[in-house]
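# mind folding the following:
(chains A and B)
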Amino acid sequence: KAGVTQTPRYLIKTRGQQVTLSCSPISGHRSVSWYQQTPGQGLQFLFEYFSETQRNKGNFPGRFSGRQFSNSRSEMNVSTLELGDSALYLCASSPLAGPAYEQYFGPGTRLTVT
Amino acid sequence: AQKVTQAQTEISVVEKEDVTLDCVYETRDTTYYLFWYKQPPSGELVFLIRRNSFDEQNEISGRYSWNFQKSTSSFNFTITASQVVDSAVYFCALSGDFGNEKLTFGTGTRLTIIP
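Alright, predicted model coming up:
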């Protein structure tokens, strides 16, 4: 089985712009979660989607949003980018939602905001 | 609120030595899950193990072993006969019961194996 794929792998944006990141889960996995990783804050949970519905949301401003499609693929969007949004954004998928299932992570998208 | 503490920021050991990575967690949930992930330089988090709160049996997988002790809220990870390929950042994580399901990560321990 192919693993979790994320596109693009690298991205450079300017402050004030918006960005959309894409995640394709492992085939058959229906839950997708997003995380932000920065040197200062570490790994932080953004949100989780299951069956096109957001199940959980972390403590991030409304500029961060996401969605999931019927084929379980997911996108996250960040509007009005700030310098502090520079980070590695990781997507993870699991067969079903809930903590009993381990999450499999993609390689991440490294976003740089200048 | 849930919390995971990995007090060891960086550890360096010589190849073939044993090394233990510490993880201490806090949660009010009765049912919870503990995880270890490895993040090599490539950046992708690799799942190593999941443990639920009702299973305190230690686990061994090859050179890796995990010690779960509810009495001390710890879930420590030991690598026996370390190898250079073990060099990575290791994260301990916690997921709780309904309402606390999001994965909470520790700050990670950077492990360097010196050849």
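# you'd agree A:Glu52 is up against A:Gly66?
No - the pair A:Glu52 / A:Gly66 is not scored as a contact, 10.9 Å apart, by Cβ atoms under 8 Å. C-betas here are computed from N, CA, C, even on glycine.
# more neighbours: those two, which one.
Higher neighbour count among A:Glu52 and A:Gly66: A:Gly66, with 22 against 13, using other Cβ atoms under 10 Å in any protein chain shown.
# next, work out how far apart that one and A:Leu88 are.
16 Å (Cβ to Cβ, to the nearest Å).
# ok, B:Lys70 next?
Computed with Cβ to Cβ, the distance linking B:Lys70 and A:Leu88 is 33 Å.
# neighbour count winner among those two?
Higher neighbour count among B:Lys70 and A:Leu88: A:Leu88, with 17 against 11, using other Cβ under 10 Å.
# got a list of what whichever residue of chain B sits closest to chain A touches?
Taking Cβ to the nearest Cβ, chain A has its nearest neighbour within chain B at B:Ser95, 3.4 Å off. Shown in contact with B:Ser95 (Cβ atoms under 8 Å, 6 or more residues apart in numbering or on different chains): A:99, B:32-33, B:35, B:101-104.
# I'd like the residues you listed as CSV, with distance to B:Asp86 appended.
Output for the contacts of B:Ser95, formatted as CSV (distance: Cβ to Cβ, whole Å):
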residue, distance to B:Asp86
A:Pro99, 27
B:Tyr32, 27
B:Tyr33, 24
B:Phe35, 18
B:Glu101, 30
B:Lys102, 28
B:Leu103, 23
B:Thr104, 24
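# just send these back as JSON lines, with pLDDT too.
Shown next, in JSON lines, are the contacts of B:Ser95 (pLDDT from 0 to 100):
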{"residue": "A:Pro99", "pLDDT": "76"}
{"residue": "B:Tyr32", "pLDDT": "93"}
{"residue": "B:Tyr33", "pLDDT": "93"}
{"residue": "B:Phe35", "pLDDT": "94"}
{"residue": "B:Glu101", "pLDDT": "79"}
{"residue": "B:Lys102", "pLDDT": "85"}
{"residue": "B:Leu103", "pLDDT": "89"}
{"residue": "B:Thr104", "pLDDT": "92"}
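# now, these that are in strands?
B:33, B:35, B:104 (DSSP state E).
# given the least confident helix or strand in chain B by mean pLDDT, what are its sheet partners and their directions?
Lowest on mean pLDDT, DSSP states H and E among the helices and strands of chain B sits strand B:59-61, with a mean of 87. Here strand B:59-61 has these sheet partners by DSSP bridges: strand B:64-69 (antiparallel).
# buried set for the strand it pairs with?
Buried residues in strand B:64-69, counting neighbours by 16 or more other Cβ atoms under 10 Å in any protein chain shown, are found at B:64-68.
# now stretch A:9-19
Residues A:13, A:19 are the ones in stretch A:9-19 that count as buried (16+ other Cβ under 10 Å).
# can you give me how far it is from the chain middle?
Here the centre of stretch A:9-19 is set off from its chain's centre by 15 Å, with Cα atoms, centre = their mean, to the nearest Å.
# is A:Ile12 in a bridge, and if so with what?
Under DSSP bridges, the beta-bridge partners of A:Ile12 are A:Thr112.
# quick revisit: so which of the ones in strands among the contacts of B:Ser95 is the closest to A:Gly40?
If you rank those by distance to A:Gly40 using Cβ to Cβ, B:Thr104 comes first, at 16.7 Å.
# before we move on, back to that, for the ones in strands among the contacts of B:Ser95, give me TSV that also has neighbour count and distance to B:Thr78.
Shown next, in TSV, are those (neighbours: other Cβ atoms under 10 Å in any protein chain shown; distance: Cβ to Cβ, whole Å):
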residue	neighbour count	distance to B:Thr78
B:Tyr33	23	20
B:Phe35	23	16
B:Thr104	21	22
